[in-house]
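Chemist: Here is my input, please return the structure:
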Amino acid sequence: MKTKKSLVLFLISCLILSSLLCLGVAAEDGESAGIFGKMSTGAIVSLCIGAALIVLIVVLCIVKRQKVSESLRAYRSEMKKITWYPFKQTCRSTLFVLVVIVATALLVGLLDVAFFSLQDLLVSKL
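Modeler: Residues are numbered from 1 along each chain as shown. Now for the predicted structure:
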């Protein structure tokens, strides 16, 4: 039963992904006149390739559903074995990374300004 639910979830996610792909391609030109109205050839080709890949994935998942279900079970059991950090520690680590990124960006920005100022001084004296 769980295998059927995971397969249905996968099929729904493929459907959502393909609809987003279609909306993104259709919104490329702003207006649409018909199905392939004012879409460029590259957009139509990418849409067809994306649709073919999604259909291929769905067909393979249906044909190989036993292997897919085994893989999903193995994935689920491995996810249960993971030791997750507590929420507070995760927040602290995230905050630390953000602070280091901002400090590094400021340092690189200040060095950039300093080197350009030095370059302008050297060029103006010549």
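Chemist: C-alpha from now on. contacts and neighbour counts both.
Modeler: OK.
Chemist: Residue 104: what's it in contact with?
Modeler: For residue 104, the contact set (C-alpha atoms under 8 Å, 6 or more residues apart in numbering) is empty.
Chemist: Look up phi and psi at it.
Modeler: Torsion angles at residue 104 (phi, psi; degrees, to the nearest 10) stand at phi -60, psi -40.
Chemist: give me the element residue 60 is part of.
Modeler: helix 41-63 (DSSP states H and E).
Chemist: Averaged pLDDT, that helix. What do you get?
Modeler: Averaged across helix 41-63, pLDDT comes to 76.
Chemist: Centre of the chain to the helix or strand following it, how far?
Modeler: With elements assigned by DSSP H and E, the helix or strand that comes after helix 41-63 is helix 65-81. Between the centre of helix 65-81 and the centre of its chain there are 23 Å (C-alpha atoms, centre = their mean, to the nearest Å).
Chemist: what packs against helix 65-81?
Modeler: Using 3 or more C-alpha pairs under 8 Å, 6 or more residues apart in numbering; DSSP states H and E, no helix or strand is in contact with helix 65-81.
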